[in-house]
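> Need coordinates for the below:
(one chain, ligands or ions: 1)
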Amino acid sequence: MADLLSDEEIDDQLPDAWEREDDEIVRVYEFDDYLRGVNFAQMVGEIAEAQFHHPEIIIRYSGVEIRLTSHEAGGITDDDIEMAELIESEHN
Ligand SMILES: C[C@H](O)[C@H](O)[C@H]1CNC2=NC(N)=NC(=O)C2=N1
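Numbering: from 1, shown residues only. Predicted structure coming up:
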């Protein structure tokens, strides 16, 4: 199990456009087409399965919200940062 990151580590490692909210890191990806958002959520799910690290995925008409935390560790770990980076790389 990954170790919890310090506040400074989180600030340093958080990818651009991601925000920290308490014990989670969060980003909203906006889409002007609902089904593009649905397909994006599918892609995130596939990454999550490959990493065996699962975000909360909220699909809205305007976009998709991704919320990451490490449940077993009880906060934010390298696993969450890595997931955010992988999602970013697939989105760009
Ligand atoms: C038993 C536990 O649920 C599994 O080891 C994995 C599955 N996916 C997971 N995803 C997240 N976000 N945090 C976890 O601690 C986690 N644990």
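
> now Glu30: how far from Ala17?
11 Å (CB to CB, to the nearest Å). For every residue, glycine as well, the C-beta is placed using N, CA and C.

> what do you get for Arg67?
The value you get for Arg67 to Ala17, if CB to CB is used, is 14 Å.

> could you point out which element follows the helix ranked longest in the chain?
Using DSSP state H to define each element, the chain has its longest helix at helix 34-51. Tracing the chain past helix 34-51, the next element assigned as helix or strand by DSSP states H and E is strand 56-60.

> Give the buried residues for that following strand.
Within strand 56-60, the residues that qualify as buried by neighbour count (16 or more other CB atoms under 10 Å) are Ile57.

> Go ahead and confirm Ile58 touches Val38.
No: using CB atoms under 8 Å, Ile58 and Val38 do not qualify as a contacting pair, with a distance of 12.0 Å.

> Just want to know which of Arg67 and Ala17 has more residues nearby.
The neighbour comparison of Arg67 against Ala17 (other CB atoms under 10 Å) goes to Arg67, with 15 against 11.

> so that one touches Val28, yeah?
No: using CB under 8 Å, Arg67 is not in contact with Val28; the gap is 9.8 Å.

> dump the residue contacts of Glu21.
Neighbouring residues of Glu21 by CB atoms under 8 Å, 6 or more residues apart in numbering: Arg67.

> give me the number of residues near Pro15?
14.

> For this structure, what lies in contact range of the ligand?
Phe52, His53, His54, Thr69, Ser70, His71, Glu72 (CB under 6 Å from any ligand atom).

> would JSON lines of those with neighbour count and distance to Asp12 be doable?
Supplementary listing: the residues of the chain next to the ligand in JSON lines, determined by neighbours: other CB atoms under 10 Å; distance: CB to CB, whole Å:
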{"residue": "Phe52", "neighbour count": "7", "distance to Asp12": "25"}
{"residue": "His53", "neighbour count": "19", "distance to Asp12": "20"}
{"residue": "His54", "neighbour count": "14", "distance to Asp12": "24"}
{"residue": "Thr69", "neighbour count": "20", "distance to Asp12": "18"}
{"residue": "Ser70", "neighbour count": "21", "distance to Asp12": "17"}
{"residue": "His71", "neighbour count": "9", "distance to Asp12": "23"}
{"residue": "Glu72", "neighbour count": "8", "distance to Asp12": "23"}
